[in-house]
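*Asks:* Sequence and predicted structure below; questions after.
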Amino acid sequence: MSDYSTESGSAASLVGLVETQYAEFDALPLDSGLELAPLKIAYETYGSLNDDRSNAILLLHALSGDAHAAGYHEGDDRPGWWDIMVGPGKAFDTDRYYLVCSNVIGGCRGTTGPASLDPKTGQRYGMRFPVVTVPDMVRAQKMLVDHLGIRRLLAVAGGSMGGMQALEWVTAYPEVVDSCISIATTHRHSPQQIAFNEVGRQAILRDPNWCGGDYYDRTAPDAGLAVARMIGHITYLSDGSMHEKFGRRLRDKEVYGFDFTMDFEVESYLKHQGEVFTQRFDANTYLYITKALDYFDLANGRGTLVEAFREVPPEMRFLVIAFSSDWLYPPYQSKEIVRAIKGNGLDCTYLEIRSDFGHDAFLLEAQQQTHLITHFLEVTAHRRGVGV
Amino acid sequence: MRRPGRELRELLGNPEQSRPAEGLPSRIARDPAGVRYDHHFIVDTIEEGSRVLDLGCGRGVLLRLLVDRKNVRGTGVEISEEKVYEAVGKGLSVYHGDIDEGLSYYPDGMFDYVILSQTLQEARATALVMCEALRVAKHLVVSFPNFGHWRARSQLLLRGRAPVTPALPYEWYETPNIHSLTIADFRLFIANLGMKAERSFYIGRRSPVGFWPNLMAEHGVYVLTRDSVK
């Protein structure tokens, strides 16, 4: 996710001030056979749960996101990561729906992750934190949803890694979900996606400050994490958006410097994004989450992709959105998901939105997504007889 | 933010955007209630509660009509992004894509009806699309503009010009119709594909027509099924 989302979607947030809340659980069994115990989950909610508890929607964040999807934290000048989509009158209308968003396990934004204290040692986990998967993240979210007294989810929705979680939700817990909104995502990582993640991980692992992951009481591997973020950022943009945003403009100079200080605007942008990222993100979390992304394969343990949707009830509704210039999660991957869904006779709307914003479009293209999601949720709510 | 070059392409016009805004893709006569006669016939034909796939569903007018009047379980395919937004705005489920991508992901017999309403003449793999349609559905509804209509014939015969008529409103250089067919052509084609017409319906300039359809009809509508004899 880029940090320039506010540049184009900066309408004043209508959600207002919000606070992150926490829920604690004894233990979470993991795909690896290990367990995470105890577990704390950071989450936020927007809007209010109706009387029959039928208007809850779970929002699912991407690699660098967190529980703070909308509104402002006290003292912050930037709203949550999907503020353009969440609020009164917005796509996820807080006047009608009750939104829940939590930080994934392995994260570094309030939920238990590698930077948390390991109760067995009293030290921070570091690389002793168990490897987590996307299904593990979803299992943790299911515990949170149960804890909040929500028996059904009107929708699960997210972009990128959030889109993977949404797909995992409907295949793992089809009986408690009414609809799935999966945006700019894939059913499994391609070798190209794994490759980009691996370069990011190597940048961290080869930073001398990484120290096997035990850097919490010393200098953090900021250089490695920043490079990882820079690589990630390139994949979130598009050739077109970089032309538009930077061109070949020089940074604070009229002619080339003929040295290896900063020449181009795009270099300065990437450097800035890398540095800003190290202030809010943990390098070990970057390792764990990208690994979870690479491991993700919806067909895992379910046969083929088509078979993965076999247990999904016929009432389930799907909305799958891709973006024309997204070369990190190209539209063909979304189409594979859609065909598998439709091959099961399930109801699915698919749209490839023409956009030049690349992968980041899911955080930026408010108008089209709002139109699609608003109508999609309205039909879902109507069919489910949801009162608000 | 838009990439340089797009504006130019739009000025030059792409076929999708140069279509007239209303009465797409060509003018079709309407009944007194304002419903297009071909839609009227299709709604009459399709049984209550059918499973329907509308290939080239456009803005979803027909599909919405079928949902409202026949309670069908329907889904559409549409290549134009703008039209998909409108169809979704009508509460419909639509797949944004090209019908030439095929239907291979659907198992046999998944639908009762596949509809190709004013779409066939724009499909590249015509025979394949029709055969696939009758693999995934029991019935195939096809409607198309008739190039054999007297008005088109007279333009070609008397003026020596490629026909531009209310039913065929495009100049040769901007038409999305990559196939020009007549009702006689279509009958021959379905016979060769091993399909037979269960019902047919013809629409003239203002109302349905019952005689000499290849000369008098601007549009033909057919309900096809597999011919068990072949």
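*Replies:* Yes, it's here.
*Asks:* that's a strand at A:Tyr22, yeah?
*Replies:* Yes. The assignment for A:Tyr22 (DSSP: H, G, I helix; E, B strand; the rest coil) places it in a strand.
*Asks:* got a list of what B:Ala184 touches?
*Replies:* B:148, B:214 (C-beta atoms under 8 Å, 6 or more residues apart in numbering or on different chains). Placement of C-beta: from N, CA and C, glycine included.
*Asks:* Next, give phi and psi for it.
*Replies:* Torsion angles at B:Ala184 (phi, psi; degrees, to the nearest 10) stand at phi -60, psi -40.
*Asks:* Around the closest residue to chain B within the stretch 251-388 of chain A, how many other residues sit close by?
*Replies:* Taking C-beta to the nearest C-beta as the measure, the point where the stretch 251-388 of chain A comes nearest chain B is A:Arg339, at 3.8 Å. Neighbourhood size, A:Arg339 [other C-beta atoms under 10 Å in any protein chain shown]: 22.
*Asks:* can you confirm it is in a strand?
*Replies:* No. Counting by three-state DSSP, A:Arg339 is located in no strand; its state is helix.
*Asks:* got a list of what it touches?
*Replies:* Taking C-beta under 8 Å, 6+ apart as the test, what A:Arg339 contacts is B:Tyr105.
*Asks:* how many other residues sit next to residue 147?
*Replies:* Assuming you mean chain A. A total of 13 residues lie near A:His147 under the criterion other C-beta under 10 Å.
*Asks:* nope, chain B please
*Replies:* The local packing of B:Phe147 (other C-beta under 10 Å) involves 22 other residues.
*Asks:* Against A:Leu205, how distant is it?
*Replies:* 67 Å (C-beta to C-beta, to the nearest Å).
*Asks:* B:Glu132 too?
*Replies:* Spatial separation of B:Glu132 from A:Leu205 under the definition C-beta to C-beta is 50 Å.
*Asks:* Tell me which of those two has more neighbours.
*Replies:* A direct count of neighbours by other C-beta under 10 Å for B:Glu132 and A:Leu205 places B:Glu132 higher, at 19 against 16.
*Asks:* Spatially, what comes nearest to that one if we skip its sequence neighbours?
*Replies:* B:Leu103 (4.5 Å; C-beta to C-beta, 6 or more residues apart in numbering or on different chains).
*Asks:* my read: that neighbour touches B:Arg135, true?
*Replies:* Yes. Proximity of B:Leu103 to B:Arg135 meets the contact threshold set by C-beta atoms under 8 Å, at 7.5 Å.
*Asks:* just the strands in the stretch 51-200 of chain A please.
*Replies:* With strands called from DSSP state E, counting those that start in this stretch, the stretch 51-200 of chain A shows them at A:56-60, A:86-87, A:92-93, A:98-102, A:155-159, A:179-183.
*Asks:* Which pLDDT does the model give the residue in the stretch 101-250 of chain A that chain B sits nearest to?
*Replies:* With distances taken as C-beta to the nearest C-beta, the stretch 101-250 of chain A approaches chain B most closely at A:Gly240, which sits 4.1 Å away. Looking at A:Gly240, its pLDDT reads 95.
*Asks:* Give the bridge partners for A:Phe25, please.
*Replies:* A:Leu39 (DSSP bridges).
*Asks:* Please report how far it lies from A:Tyr173.
*Replies:* 17 Å.
*Asks:* shaky segments in the stretch 101-250 of chain A?
*Replies:* Within the stretch 101-250 of chain A, not a single segment meets pLDDT under 70.
*Asks:* Quick check: residues of it near chain B?
*Replies:* Contact residues (C-beta under 8 Å from any C-beta of the partner chain) of the stretch 101-250 of chain A with chain B: A:240-241, A:243-245.
*Asks:* from those residues, which would you call buried?
*Replies:* Using 16 or more other C-beta atoms under 10 Å in any protein chain shown as the burial test, those include A:240-241, A:244-245 as buried.
*Asks:* Dump these into CSV; add secondary structure as well.
*Replies:* Shown next, in CSV, are those (three-state DSSP):
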residue, secondary structure
A:Gly240, helix
A:Ser241, helix
A:Glu244, helix
A:Lys245, helix
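*Asks:* okay, these in a markdown table with distance to A:Arg53 next?
*Replies:* A markdown table is the format used below for those (distance: C-beta to C-beta, whole Å):
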| residue | distance to A:Arg53 |
| --- | --- |
| A:Gly240 | 44 |
| A:Ser241 | 41 |
| A:Glu244 | 45 |
| A:Lys245 | 44 |
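*Asks:* Closest one to A:Leu363 out of the residues you listed, please.
*Replies:* Sorting those by how near they are to A:Leu363, with C-beta to C-beta, puts A:Ser241 at the top with 12.4 Å.
*Asks:* For A:Ala203, see how far away the closest one is.
*Replies:* From A:Ser241 over to A:Ala203 the distance is 23 Å, taken as C-beta to C-beta.
*Asks:* First-to-last residue distance for stretch B:64-75?
*Replies:* With C-alpha to C-alpha, to the nearest Å as the measure, the ends of stretch B:64-75 fall 10 Å from one another.
*Asks:* Please apply the same query to stretch B:41-52.
*Replies:* Distance between the boundary residues of stretch B:41-52 (C-alpha to C-alpha) amounts to 15 Å.
*Asks:* And stretch A:178-193, by the same measure?
*Replies:* Its first and final residues considered, stretch A:178-193 spans 30 Å by C-alpha to C-alpha.
*Asks:* and it, how far from the chain's centre?
*Replies:* Centroid displacement of stretch A:178-193 relative to its chain, using C-alpha atoms, centre = their mean, to the nearest Å, is 11 Å.
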